[in-house]
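> What shape does this take:
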Amino acid sequence: MTQPNQDPIQAANSAFSRGDLGSLDQFFTENIIWHLTGTGPLAGDYQGVAQVAALLGKMAEMSGGTLQHDVHDVLHNDDHTVVLATVRGQRAGKQLQDNIVHVIHGNGAGKATEIWTTHNDPAAQEAFWS
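This is a model prediction of the structure:
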């Protein structure tokens, strides 16, 4: 059975994979906040659709378009959606494969208001993006 928020998650993931960052406003509220854990050069808080789009664009550019986000499962209740995924990519002779978790808070109308992303291997993330 498909969970209610799985289709928007898959649609957002597909848009990113295609490089379609212009459609992000259909998935995020205007004042979205995305928290990336860790200590690498991309870690931090990104506020607003423009900053989030810039982050995703930078990730795609830095990885030469190789970054893939494979969703394993989507867990959902009235307040949050949790996405379990594996991220893979190549960059400057480096390879990344890491399990990640996105915890997404929504506005009740299908748009994310806040996202927390954590990595299984923060050191691998830092080494890859540095």
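
> Outside of stretch 32-39 itself, list whatever touches it.
The contact list for stretch 32-39 (Cβ atoms under 8 Å, 6 or more residues apart in numbering) reads 42-49, 51-52, 55, 112-119, 122, 125-126. C-beta coordinates here come from the backbone N, C-alpha and C atoms, glycine included.

> How far does the longest helix along the chain sit from its chain's centre?
Secondary structure of the chain per DSSP state H: the longest helix is helix 48-62. Taking Cα atoms, centre = their mean, to the nearest Å, the mean C-alpha location of helix 48-62 is offset from the chain mean by 10 Å.

> tell me which residues of that helix are tucked away?
Using 16 or more other Cβ atoms under 10 Å as the test for burial, helix 48-62 gives 49, 52-53, 55-56, 59-60, 62.

> Export that helix to CSV, keeping only CA atoms.
Coordinates of each C-alpha in helix 48-62 appear next as CSV, following Å, rounded to 0.1, in the frame of the first residue of the first chain:
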residue,chain,number,x,y,z
GLY,A,48,14.0,29.5,1.9
VAL,A,49,13.4,27.8,-1.5
ALA,A,50,16.2,29.9,-3.1
GLN,A,51,18.8,28.7,-0.6
VAL,A,52,17.6,25.1,-0.8
ALA,A,53,17.6,25.2,-4.6
ALA,A,54,21.1,26.6,-4.5
LEU,A,55,22.3,23.8,-2.2
LEU,A,56,20.8,21.1,-4.4
GLY,A,57,22.2,22.8,-7.5
LYS,A,58,25.7,22.9,-5.9
MET,A,59,25.5,19.3,-4.9
ALA,A,60,24.5,18.3,-8.5
GLU,A,61,27.3,20.5,-9.9
MET,A,62,30.0,19.3,-7.5
